[in-house]
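S.K.: Pasting the sequence and the predicted model now:
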Amino acid sequence: MSFTVTTLMENTSPRDCLAKEHGLSLLIEGAGRRVLYDTGLSPRFLRNAAALKVDLQGLDALVFSHGHCDHTGGTAALLAAGKRPKEVYLGRDFFLRRYGKGEEGLMELSALVEKEWLDRAEIPCHVVGEEPVALGEGLWLLSGFTSEEPIEPMSSTLLRCREGVLEQDPFQDEVAVVLETPSRLALISGCSHVGVLNMCRRTQQVFGRPVTDFVGGTHLLHSGEERIAQTCRLLQERGVRRLGACHCSGEQATAYFQANFPGFFYNQVGSRVVID
């Protein structure tokens, strides 16, 4: 059994013919299933799919990692193009308003998806809770992450609005994809807002074996060198052998991983990773 993860959108691109933006979209194929994980910030991921000769017709599922615009912005274009997924999966509180707090005030980061769109298109929408959800043999969705690692505190600048009250967003409802084969356990993450170590720890607890491969965002964009170095060291000590950190990982973390993580690889637009 094997799975292939194709990056349709990411912050970096090796070729001029492939668009890039601050967003993420991955196509995951295996176990007889085709799953689109996030839709980037805009419809540009569709252009990349066409350039890569990736057919997005007949998707078994569309999975949203979390309710931010840079992971949901291409959804309307996907539906308008007639590429209707059979099902949609998302975390609890996905449709709450989200904000980032900066020097100039609040900036809205909310998901660019409306529940009414999915209802009108008659697409079943499922909420991923505490228990893992099986989409196929060895293909799982996992949520319910908690913040326990001392070096991965909750961000004070990322907020959500619940019942009219702004609060820190704990991102416990972030949804990851887990790919399980006899020799590997791969964790595919959108942003790892709760912390990549926290996410790997929960995945190991649920599946009873360490994560061997990680693909996706690590949200180290604004982290200092000490946290980046500890993250790099602990990921290796806990069993991760291949690391395709991208999107919100940041240039500093990417450079550090390249120099200090033997299994690091650039996961750019057009990358194809095989998990077997």
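M.R.: Thanks, I have it.

S.K.: For stretch 50-59, measure first residue to last.
M.R.: 15 Å (C-alpha to C-alpha, to the nearest Å).

S.K.: how far out from the middle of the chain is it?
M.R.: On the basis of C-alpha atoms, centre = their mean, to the nearest Å, stretch 50-59 sits 19 Å off its chain's mean C-alpha point.

S.K.: try stretch 221-228
M.R.: For stretch 221-228, the gap between its own C-alpha mean and the chain's C-alpha mean amounts to 20 Å (C-alpha atoms, centre = their mean).

S.K.: Same question for stretch 170-183.
M.R.: 9 Å.

S.K.: centroid residue for this protein?
M.R.: residue 190 (1.4 Å; C-alpha atoms, centre = their mean).

S.K.: and residue 5, bridged to which residues?
M.R.: In this structure, residue 5 bridges to residue 28, residue 273 when assessed by DSSP bridges.

S.K.: So it sits against residue 34, correct?
M.R.: No: contact criterion C-beta atoms under 8 Å: residue 5 and residue 34 do not qualify, at 11.7 Å. For glycine as for every other residue, the C-beta is placed from the backbone atoms N, C-alpha and C.

S.K.: shared neighbours of the two, anything?
M.R.: 27, 28 (C-beta atoms under 8 Å, 6 or more residues apart in numbering).

S.K.: Between the two, tell me which one has more neighbours.
M.R.: Each of residue 5 and residue 34 had its neighbours counted (other C-beta atoms under 10 Å), and the higher figure belongs to residue 5 (25 against 20).

S.K.: and the more buried one, what pLDDT?
M.R.: According to the prediction, residue 5 has pLDDT 98.

S.K.: quick one: contacts for it?
M.R.: Shown in contact with residue 5 (C-beta under 8 Å, 6+ apart): 26, 27, 28, 179, 186, 188, 215, 272, 273, 275.

S.K.: Quick check: ChimeraX command selecting the buried ones in the residues you listed.
M.R.: What follows is the ChimeraX syntax for the buried subset of those, where burial is set by 16 or more other C-beta atoms under 10 Å:
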select :26,27,28,179,186,188,215,273,275
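
S.K.: Let me know the pLDDT of the residue nearest to the centre of the chain.
M.R.: Reading off the confidence values, residue 190 has pLDDT 98.

S.K.: Tell me where the stretch 101-250 of the chain has helices.
M.R.: With DSSP state H, counting those that start in this stretch, the ranges of helices along the stretch 101-250 of the chain come out as 115-120, 196-207, 225-237.

S.K.: can you list the weak-confidence ranges in the stretch 101-250 of the chain?
M.R.: Along the stretch 101-250 of the chain, segments meeting pLDDT under 70 are nowhere present.

S.K.: Could you find the closest non-adjacent residue to residue 169?
M.R.: residue 160 (4.3 Å; C-beta to C-beta, 6 or more residues apart in numbering).

S.K.: ugh, typo on my part, it should be residue 244
M.R.: Counting by C-beta to C-beta, 6+ apart, the nearest residue to residue 244 once its immediate chain neighbours are dropped is residue 267, at 3.5 Å.

S.K.: Reduced to three states, what does the one you found come out as?
M.R.: Put simply, residue 267 is coil when judged by DSSP: H, G, I helix; E, B strand; the rest coil.

S.K.: quick one: it and residue 273 touch, right?
M.R.: Yes: using C-beta under 8 Å, residue 267 makes contact with residue 273 at a distance of 7.0 Å.

S.K.: Which residues are in contact with each of those two?
M.R.: 215, 244.

S.K.: Put together a markdown table for the contacts of residue 5, with distance to residue 259 on each row.
M.R.: Output for the contacts of residue 5, formatted as a markdown table (distance: C-beta to C-beta, whole Å):
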| residue | distance to residue 259 |
| --- | --- |
| 26 | 25 |
| 27 | 30 |
| 28 | 29 |
| 179 | 27 |
| 186 | 23 |
| 188 | 24 |
| 215 | 20 |
| 272 | 24 |
| 273 | 21 |
| 275 | 25 |
